[in-house]
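>>> this is a predicted model, with the sequence first.
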Amino acid sequence: MEEERDGSSPERLCGEVLRSPQTPAWPSHCASWDSRPPCSMDPALSVVRLAVQEAVHILSSSEDGGHILSTLASLKRYLSDTENSALSGEKEEFATVHFSTLLRSLASKLSPDWLELLPGGRLEALWASFFLEGPADQAFLVLMETIEGTAGPSFRLMKMAQLLARFLREGRMAALMEAQCQQQMRPSFPVLREMLLSKVVGLPDHLGNRLQRENLPEFLPQNYFPLLSEEVLRVLQAAVDSLQGGLDCSISFLSQVLGKVCMHGRQQETLDVLVPQLTTLTNSSCLWQRVCWRLVEQVPDRALEAMLTGMVEAASGPEVLSRLLGNLVVKNKKAQFVMTRKLLFLQYRYTTPMLQSLLGYLAMDSQRRPLLVQVLKELLETWGSSSAIRHTPLPQQCYISKAILICLAHLGGPELQDSRDELLASMMAGVKCRLDSSLPAVRRLGMIVAEVVSSHLHPEGPPLKFQYEEDELSLELLALGNPRLMGDSASEAGGPSLAPATTETPTETPAETMDSKVLRAQPEGSDSEVDSDDEFIPYDMSGDKELKNSKAPAYVRDCMEALTMSEDSERWEAALRALEGLICRSPEATREVSVELAKVLLHLEERTCVAGFEGLRQRALVAVTVTDPAQVAEYLTSQFYALNYSLRQRMDILDVLTLAAQELSRPGRLKRAPQHSHPGTGTCCLLPLATAQPGSTAAPDWRVVVEERIRSKTRRLSKGAPRMGAAGSPNGFNSVAGYFFFPLIQHFDRPLLTFDLLGDDQLVLGRLTHTLGALMYLAANTTVAVPMGKALLEFTWALRFHVDTSYVRQGLLSATSSVLLSVPAQRLLEDMPDELLEARSWLADVAEKDPDEDCRMLAVKALLLLEKLKDKLLTSSP
Amino acid sequence: SALPSMATPLPPPAPDPQFVLRGTQSPVHALHFSRGAQAQGCLLLFSGSQSGLVHIWNLQTRRTAATLDGHGGQCVTWLQMLPQGHQLLSQGRDMKLCLWDLAEGRSAVVDSIHLESVGFCRSAILTGGWPHWTLAVPGKGSDEVQILEMPSKTSVCTLKPDADAKLGMPMCLGLWQARSSPRPLLLAGYEDGSVALWDISERKMCSHVTCHEEPVMGLDFDPQQARGISGSAGKALAVWNLDRQQALKVHGTHRLTNPGVAEVTIRPDYKILATAGWDHRIRVFHWRTMKPLAVLAFHSATVQCVAFAPNGLLAAGSKDQRISVWSLYPP
């Protein structure tokens, strides 16, 4: 729509103002207060000077109210337009040369006594009329000057403030700005203008400072800026009127006001009034639209960013933004930078509707669309950069992903054709990095964006489809990629030809709804069997599954045999299901074959689809480890660094070790209900902790456990209660903790052919750090805790600056916390003071600078523990 | 005749037992409800255990009222109260059928019959011509059923299938007399998975239908509709009916999730039926439509027996030594 209007717009209407020369740079020689218009040298005009001098004299000396009144009234003729008014030349001299002087002396006379020289407030009315009727800029400046120069709460101050409030109420601000705009056509005084500008915008601050608690409501920012906006609109209206009358006018002062207001952070108050009004006004008149574009174009560069962010926030959709800003983003480099880089790449605080406005604005004009393609390229490049993935916080990654999807919704196939390869390359790189990530949210972002991007780049090819859980965010993202929904989001039904890329989706959706209708209809048909016995409502029978324990072996050895040899998948499964119970019931028999059994379980692969296979295998392994901790832990830890294991197996080893350690240190924590749990609920009695899903959700459970401990400890500290012994019963982990811990921590920095912890396998490294932290925590109150703590602090020290995966850092932080929790304070200080100091500075650094929020939180918690340690030593030493 | 509603509401979760009787200290193999004579109509539950004891449970106090020990430590497989209310029949693996007098707090064996077979087959009685009654027990030959006239213990006849029929052992029995005719009939389930109808007075097999692939473990019959049901060691329940020519026809089968039904019992009001499953579960069906109503997964071992009380209460005894008592769809 805009383009059409643009093309056919009558130059006659808008030409003058838009063609008007840019405000020239002011020559420095005329930048002075007293430079006067050349006509003031005319001797005939000294009449005015004499009259003013006399009046000032009378004002300062006379006590006669009547005399003062008549003198002032005679001066009024220089201001008014009545029949007995003065010559226009005299008026002009009065206004430009003498008015301020007069106003100052009027202001200085203000006192209760002076006003009462004449009864009925006649003197005051006349006094005020000079301020309210004379040239608004000078009146305003004198008012502000007097208010600033008047001490403390006083009669004079309050009178002046009230007069200023009246000045605002009577619309003099509009007069002031209009006059400034008109002066723009002539050479003027930049210093005066600058001062005026800062006073106009800074009025609430000045008045607030001056009046303190006596401040008037008119001067509060929430009232003043809306008023100022209304006044701006009035001046704009005047400008539009004068343009229609064929007169030139400039509105650059308004632009400056607008820019300055925005720079002062008052976008919201101002634009909330301005934008809706301008939206309606520009909708009906192309003259208004031109004026509006001029308004934003002339905003000084340094204020552009503030103004544009305010605009994007206040505009209700891309159409509005496009109408208000025109092609500003093409014309102005700074605006382009703000709109296409700063708001997208350097900040991420804006809401999705704002992003939609912004990118929709870029999409709405053929001149701007190349920018959108460029933006998409850069967005995808950032999205695909592995360093960006590692160093930017998740919310920012979400923001960029959203922006990509919105861009895609706007761009059609032909536009993407040229840069398809480039986009694909960025996308592939990003997907790869993201799928490697240990954070589920990052992986999911990768999958969703990849799906949408590939469907746009190759609409004809087979669709890329990942499997991911659908949560609120993923649904939102998918909706963003759907251009049909994008159109709805615009509040104004203005553009019938919104985006060119709305062709493919409608064909899909009707089919979908048809399907669901059929599906819904089916049960109706099949369920038509009318049952007369209404009272016989069936109970839930979903638990009625096939029973499989018929073939379960009765001995551990038989189980092992069945797991290794049996070709009968039912027997194999039954053996797996029975194993944990058998191990618990016959520890002696298990000890005889423990390592062998652990080996079998570690290498066990799912032959047929067995529900809960991972959990069964893990529980059996944990049971073996608990039954014979030293032997099995030694075996498992040795296998962790052995060749030819999959990452999955290595992570299983870590999970099993932590779970077994937990069971040993707190017997009964992992105990299941009696062996033959009845089949109805049998399937759901899984371990409460660390049931490893393929992926990496088990380890965060550990963090939760440790964090929970930390929290409970910290809370106890804040209550000021003395520290209690953590556990009353002997720690079964005591004698074997070393078997679990030290073999794991020894070899992490020696890469194998297939396994490089410090390289590609950082996910396992993260899991390892979490495991070590958990083992450390579980070794509380054991004798081996001190050497363990020392080793673990060294380990964390070695890795602190080596890794840029937040998951590993989180592991290091929680490991540090567990050291602080598990090693006795005395020993910590005696044996490892240097390590502690180092850890402390590292923690402080992380707490302040880490891009990951969880890391910062963990660091703060660890710091709190350190503080607590200090407090404890201080209280215990005397 | 309500129309099916648009949205199927979520089925209610499976119910819990009303209460559980523990203390037999041995797997439960037989259950029988009866109104006790001495306790003024108070409902009693008799349970027979593998250790040879019969426990009499007072369902108000939910405790054992008495324990009967008459089978020498051998499993009790069948319990039946005689109609006058104070005489109990118990069958045990010690090849004995005991008649207990429970009147006035007594608990003495007043009579016993030596059985010729140690098999799985539970006996059956018909008490139409009280005080005379008919008893069907597994006979001496492995495929025979013996009919006795009680209380005289006179052997009326022995029902033996044709030699070439190869039905195997009788596994379960049901005696029954149609209202229209005075002739008692016997339904017997056999090892080969067939059900046969015998006319006792004529000593001949009226009809025979093979409805299972595995041995028939339990059957029950609804004389109102001339329809019966049988369960086997296999994975199916079979519903069969009896036409006017006294021919058995399979009406339908119902497939089960897991194989093995130890006993099938229809509630006295012929509305629902229950099966005792080897898969530890009790299944409840609507008798007329055979619509599954509930799968009660409470026991942790094979359910051996199910019984209904006249008031609709359902009891199930299991190898896990517990007796669960349920109140479902009260009549």
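Great, that's in hand. This one's a predicted model, so the numbers in the text were calculated from it and none came from an experiment. Residues are numbered from 1 along each chain as shown, chains lettered A, B, ... in the order given.
>>> got the phi/psi numbers for the closest residue to chain A within the stretch 101-250 of chain B?
The nearest approach of the stretch 101-250 of chain B to chain A comes at B:Lys235, 10.0 Å away (Cβ to the nearest Cβ). Any C-beta I mention is one placed from the backbone N, CA and C, and that applies to glycine too. Dihedral pair for B:Lys235: phi -100, psi 20, per degrees, to the nearest 10.
>>> pLDDT score for the residue nearest to the spatial centre of chain A?
Compute the mean C-alpha point of chain A, and by Cα atoms, centre = their mean the closest residue is A:Arg349, 3.2 Å away. pLDDT, A:Arg349: 85.
>>> how far away is it from A:Leu236?
Distance check for A:Arg349 against A:Leu236: by Cβ to Cβ, to the nearest Å, it reads 30 Å.
>>> ok, now A:Thr608?
As judged by Cβ to Cβ, A:Thr608 and A:Leu236 stand 77 Å apart.
>>> same check on A:Thr769?
Distance, A:Thr769 to A:Leu236, using Cβ to Cβ: 63 Å.
>>> wait, what's in contact with residue 262?
Answering for chain A, as no chain was given. A:Thr270, A:Leu271, A:Val299, A:Ala303, A:Ala306, A:Met307, A:Gly310 (Cβ atoms under 8 Å, 6 or more residues apart in numbering or on different chains).
>>> not what I meant, chain B
By Cβ under 8 Å, 6+ apart, the contact set of B:Ala262 is B:Met217, B:Gly218, B:Gly231, B:Ala276, B:Gly277, B:Trp278, B:Thr302, B:Val303, B:Gln304, B:Cys305.
>>> hang on, the earlier thing: the residue of the stretch 101-250 of chain B closest to chain A touches B:Val261, doesn't it?
No - assessed by Cβ atoms under 8 Å, B:Lys235 is found out of contact with B:Val261, at 9.3 Å.
>>> of the two, which one has the most company?
Using other Cβ atoms under 10 Å in any protein chain shown as the criterion, B:Lys235 and B:Val261 rank with B:Val261 on top: 29 against 17.
>>> shaky segments in chain A?
Of all residues in chain A, those with pLDDT under 70 make up the ranges A:1-45, A:81-86, A:184-189, A:482-534, A:548-551, A:667-731, A:752-754, A:802-804, A:876-878.
>>> taking chain B, what residue is nearest to chain A?
Taking Cβ to the nearest Cβ as the measure, chain B has B:Ala297 as its residue closest to chain A, at 3.2 Å.
>>> burial count for that residue?
22.
>>> cool, the one 3 residues further on as well?
Using other Cβ under 10 Å, B:Ser300 has 19 neighbouring residues.
>>> isn't it up against B:Arg281?
No - B:Ser300 is not in contact with B:Arg281 according to Cβ under 8 Å; the separation is 10.7 Å.
>>> coming back round to it: distance check, the residue of the stretch 101-250 of chain B closest to chain A against B:Pro259.
For B:Lys235 relative to B:Pro259 (Cβ to Cβ), the value is 4 Å.
>>> between A:Thr608 and A:Leu236, which one's more packed in?
Using other Cβ under 10 Å as the criterion, A:Thr608 and A:Leu236 rank with A:Leu236 on top: 25 against 9.
>>> report the contact partners of the closest residue to the more buried one other than its chain neighbours.
Sequence neighbours aside, A:Val291 is the residue nearest to A:Leu236 in space, at 5.8 Å (criterion: Cβ to Cβ, 6 or more residues apart in numbering or on different chains). Residues near A:Val291 by Cβ under 8 Å, 6+ apart: A:Val17, A:Leu236, A:Ala239, A:Val240, A:Leu243, A:Ile251.
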